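*Asks:* predicted model and sequence follow; I will ask about them next.
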Amino acid sequence: MTRCGRTNFRLAIARGCLCAAAPLALSLLWLALPEARGADTAHSSSQATATSTKDLNFVNDVVPLLTKYGCNSGACHGRGTGQNGFKLSLFGFDPAADYAALVDEGDGRRISWTAPDESLMLLKPSGKVPHGGGVRFDLDSAPYRELRQWIADGTPWGDKDDPTLKTIEVEPAERILAAGADQQLKVVARYGDGSTRDVTATAEYFSLQPSHLTVSVDGMVRSLGEKGDAVVMVRYMGIVAVSRMVVPYAPPSADKSPDPLASGFEPKNYIDRLVLEKWRKLGLGPSPSASDAVFLRRAYLDAIGTLPTPKEVREFLAETSADKRDRLVDRLFDRPEYAAYWAQQWGDILRNKQGDGTHKSDSVKFEDWLRDAFAKNMPFDKFARELIAVSGKLEDHPQMDWYRQINTMQNRVEDTAQVFLGLRVACAHCHNHPFEHISQNDYWQFAAYFAKVDAMAYGTVKTVNLKDDGTVTNPRTGKTATPKPFGGVEYSYVKGEDPRQKLVDWMVDKDNPYFARAISNRIWAHYMTRGLVEAVDDLRATNPPTNPELLDALAADLREHKFDLKSLMKSVMKSRVYGLSAEPSAANAADRENYARHYPQRLSPSVLMDAIDMATGTAEKFREFPNVKRAIQLPNDAERNDFLDIFGRSHRDTPCVCETHIEPNLSQVLYMMFAPELESALASRDGTVSRLVNQKKPTAEIVAELYLLTVSRPPSSDELHDALALIDGAKIKQPVVEDLLWTLLNSKEFLFNH
């Protein structure tokens, strides 16, 4: 029996015509019982009764209500196992299954066509009978009336010609708000036939910065008084959009707000101009430029993960040319430490590890490939292609070891998307992504690009090849997935072609909305401490950049220079924004995301270990890699080292940069204060202190050398005075000098990059 037939039968019952229809009705009911009721059966919007105010469509009218009132949320019937015997798809991503669960499951016990108000679908959410989810809406509310009408009309699925939702728009997209002010949002749905509908009442609203904004269920936004940007996410029928609210730090009028130009900030490049525009909108003023000493240390640590030597500090501070900072930046990218430092960081992202110990040499060769790629400044589009679309033997292509880590279809989809597109798509493995325009079907179509990859021969002869055949099946629909990129067009497979090459073609295309923006955001985050999108690998629609124009400009710069990473890094480091002081001013003390001052961050584990070695004049000995002299050169996770573990190194289990934990903890404090390894380094016969004391240098020179080694600047007059009093007043000089160096190593100025 078709749904149309069932509906007419139910309407006949509702109109009191059962006697006349009984013989036919009973036979139809008997035929309907074993019927498989899928979404492909005939649907019709002509099922409405004479009392209907409009033709209803299950997908367009009912599912939004189920989502709006939490019925299909993960905390209720949308959870994987359902709730109390009733299961809906999460946020309505499978309407056909939801229709069957409501209308057909349990012989339709949740629906009463003869008496709509007695339907469990209405009795429970309205509180007329006990409901674990509580009261969701009242009897006289709009959602109750809408659902009641749908039931009274015979629970129509809708007509095949009914419009389908394409996108939603939120008004206003951006608004400057006064502290404590309100703003009503309006949400408009746009359909495939060109029609629109105001869906403000049935959309969902979420404040992504609840300390800044609240938003009511009907879309009324209220500022709580916190200054800066805040975002409201709007979701309707699985499609998301955002509205940005800006509460200025100072009144936007020119006579009251700080003018960055009046503070001496003259833009050098497009980065400065776009950041300046944002400051003006927010009423922010920048901190002054950092001192030469601070800039020097910052640039060394950021570009090559290495402290400058005392000689390099003295020479830079003595230089008087106007462009000395720019020339320093150029020199740093020619240093061998650059390749080692960035190869290790990408080894973290690409999960280069020895695993069970049997692949140590493979991972070392992979690290060599990474180092060589950065040493040669391999364009990033080529870097991505040589990783993603690699084929052949490992001995010829060391980067192939990446496929040992991404050895499942799920890993291949999720690592590729997260690393190269800045998309976290794990949610879509099982259901539509709740915060992104990515469906479960999109996930499996993306997976189809890897369907022919055969890395199972990763044994005696280690290879990655393409199989003659290979398909991917969407586990929900059971249908074979056709390769299709996120937001792109389907790829028609041609025999002999490698679908992965087509995937990379799409990724590196000038119109790709993800690839260039994703790596640009990573680069920006590295040098500026915080990404324009944070987290750096979460570039979803509902996590917009704090400065969208700047992120687009960085991506355009990268494309214009043919994906030259060094060129982009130089653009960032040569901007005036990068060179600002980390000291807050009255005009930016509350700023956390608009770069009106530099944001300090702790040194990463490897960089910190090397900095301590340099300062103490000692060298860490690595048991697994005796030829490695510095921690930033370690190729994988094989080295067992307490210091690196305590200070939060990545164990490379995921592609997320968050695996490196630089947040302080008690173990780190105790190590720096009491660790015997540090005590030994300070007192080493071959170390810095012994060398300086045995050379019988003047105390002032010893103090200056220690400051230059640790914080890359000479001591202030007060610091020098205090240090001289301590050292020259001691009977034995060396222990006091050791204490001074210990104090510097435990200072925030040493432990942080400012």
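*Replies:* Looks like it came in fine. Keep in mind the model is a prediction, meaning the values are calculated, not measured.
*Asks:* which residues touch residue 111?
*Replies:* Neighbouring residues of residue 111 by Cβ atoms under 8 Å, 6 or more residues apart in numbering: 102, 103, 119, 120, 121, 151, 155. C-beta coordinates here come from the backbone N, C-alpha and C atoms, glycine included.
*Asks:* and the pLDDT at it?
*Replies:* pLDDT for residue 111: 91.
*Asks:* how about CSV for the contacts of residue 111, with pLDDT added?
*Replies:* Shown next, in CSV, are these (pLDDT from 0 to 100):
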residue, pLDDT
102, 89
103, 89
119, 88
120, 88
121, 88
151, 91
155, 91
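*Asks:* can you flag the buried ones in these?
*Replies:* With burial judged by 16 or more other Cβ atoms under 10 Å, the buried subset of the contacts of residue 111 is 102, 103, 119, 120, 121, 151, 155.
*Asks:* circling back to that earlier point, quick one: which two of the contacts of residue 111 are the most distant?
*Replies:* 120 and 155 (13.2 Å; Cβ to Cβ).
*Asks:* before we move on, the earlier item: in helices, which of the contacts of residue 111 fall?
*Replies:* In this view, those that belong to helices under DSSP state H are 120, 121, 151.
*Asks:* in a markdown table, list those along with distance to residue 585.
*Replies:* Output for the ones in helices among the contacts of residue 111, formatted as a markdown table (distance: Cβ to Cβ, whole Å):
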| residue | distance to residue 585 |
| --- | --- |
| 120 | 62 |
| 121 | 59 |
| 151 | 63 |
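*Asks:* can you pull out the strands in the stretch 351-500 of the chain?
*Replies:* With DSSP state E, counting those that start in this stretch as the criterion, the stretch 351-500 of the chain has strands at 392-393, 453-454, 463-466.
*Asks:* among those, which comes closest to residue 242?
*Replies:* Closest to residue 242 of the strands of the stretch 351-500 of the chain is strand 453-454 (Cβ to Cβ; 36.0 Å).
*Asks:* please name the strands paired to the closest one in the sheet, noting orientation.
*Replies:* Take DSSP bridges as the rule and strand 453-454 pairs in its sheet with strand 463-466 (antiparallel).
*Asks:* buried stuff in the partner strand?
*Replies:* Those would be 463, 464, 466, for strand 463-466 by 16+ other Cβ under 10 Å.
*Asks:* and which of these is nearest residue 718?
*Replies:* Residue 718 lies nearest to residue 464 out of these, by Cβ to Cβ, at 62.0 Å.
*Asks:* I'd guessed the closest one sits against residue 389; true?
*Replies:* No: taking Cβ atoms under 8 Å as the definition, residue 464 is not a contact partner of residue 389, at 9.8 Å.
*Asks:* just give the number of residues close to residue 677.
*Replies:* Applying other Cβ atoms under 10 Å, we find 13 residues neighbouring residue 677.
*Asks:* residue contacts, it?
*Replies:* residue 643.
*Asks:* where's it, which helix or strand?
*Replies:* helix 676-683 (DSSP states H and E).
*Asks:* ok, then the element right after that helix?
*Replies:* Following helix 676-683 toward the C-terminus (DSSP H and E): helix 688-694.
*Asks:* domain parsing of this structure, as residue ranges.
*Replies:* Segmentation of the chain into domains, based on automatic domain parsing, reads 3-152, 165-247, 377-508, 513-577, 605-753.
*Asks:* the ones you listed: which one's closest to residue 367?
*Replies:* Nearest to residue 367 among the domains of the chain is domain 605-753 (3.5 Å), distances taken as Cβ to Cβ.
*Asks:* so how far is the closest one from its chain's centroid?
*Replies:* Mean C-alpha position of domain 605-753 versus that of the full chain (Cα atoms, centre = their mean, to the nearest Å) differs by 33 Å.
*Asks:* circling back: how about the helix holding residue 677: buried residues?
*Replies:* Applying 16+ other Cβ under 10 Å to helix 676-683 flags 678, 681, 682 as buried.
*Asks:* and these, which is closest to residue 426?
*Replies:* residue 678 (40.4 Å).
*Asks:* and that closest one, how far is that from residue 603?
*Replies:* 15 Å (Cβ to Cβ, to the nearest Å).
*Asks:* so residue 742 sits against residue 683, correct?
*Replies:* No: the pair residue 742 / residue 683 is not scored as a contact, 10.1 Å apart, by Cβ under 8 Å.
*Asks:* nearest residue to the residue nearest to the spatial centre of the chain in space, please, no chain neighbours.
*Replies:* Taking Cα atoms, centre = their mean, the centroid of the chain lies closest to residue 538, which sits 1.9 Å from it. In this structure, residue 538 finds its nearest non-sequential neighbour in residue 424, 5.4 Å apart by Cβ to Cβ, 6 or more residues apart in numbering.
*Asks:* same thing with residue 575?
*Replies:* residue 271 (4.1 Å).
*Asks:* now residue 342
*Replies:* Of all residues not flanking residue 342 in the chain, residue 374 sits nearest, at 4.6 Å (Cβ to Cβ, 6+ apart).
*Asks:* minimum distance to residue 313: which of the domains of the chain has it?
*Replies:* domain 605-753 (5.0 Å).
*Asks:* span of the closest one from start to end?
*Replies:* Taking Cα to Cα, to the nearest Å, the first and last residues of domain 605-753 lie 13 Å apart.
*Asks:* average pLDDT across it?
*Replies:* For domain 605-753, mean pLDDT is 95.
*Asks:* before we move on, what about stretch 283-292?
*Replies:* The average of the pLDDT scores along stretch 283-292 is 95.
*Asks:* so what touches that stretch?
*Replies:* Residues external to stretch 283-292 that are found in contact with it (Cβ under 8 Å, 6+ apart): 248-252, 257-260, 263-265, 278-279, 295, 298, 316-317, 324-325, 576-577, 579-585, 587-588, 591, 594, 596-598, 713, 754.
*Asks:* what about residue 644, which SS state?
*Replies:* At residue 644 the chain is in helix, as set by DSSP: H, G, I helix; E, B strand; the rest coil.
*Asks:* how far away is it from residue 671?
*Replies:* 11 Å.
*Asks:* more neighbours, the two?
*Replies:* residue 644 (21 against 16).
*Asks:* quick one: contacts for the spatially closest residue to residue 618 that is not a sequence neighbour?
*Replies:* Nearest residue to residue 618, sequence neighbours excluded (Cβ to Cβ, 6+ apart): residue 681, at 4.5 Å. Counting by Cβ under 8 Å, 6+ apart, residue 681 makes contact with 612, 613, 616, 618, 687.
*Asks:* what of residue 132?
*Replies:* Residues near residue 132 by Cβ under 8 Å, 6+ apart: 83, 84.
*Asks:* buried subset of the contacts of stretch 283-292?
*Replies:* 248-249, 257-258, 260, 265, 278-279, 295, 298, 316-317, 324-325, 576-577, 579-582, 585, 587-588, 591, 594, 596-598, 713, 754.
*Asks:* how many other residues sit next to residue 495?
*Replies:* Number of residues near residue 495 (other Cβ under 10 Å) recorded here: 5.
*Asks:* ignore the last one, residue 565
*Replies:* Counted with other Cβ under 10 Å, the neighbours of residue 565 add up to 22.
*Asks:* is it true that it touches residue 380?
*Replies:* Yes: using Cβ under 8 Å, residue 565 is in contact with residue 380, at 5.5 Å.
*Asks:* need the overlap of contacts for the two.
*Replies:* By Cβ under 8 Å, 6+ apart, the residues touching both residue 565 and residue 380 are 519, 558.
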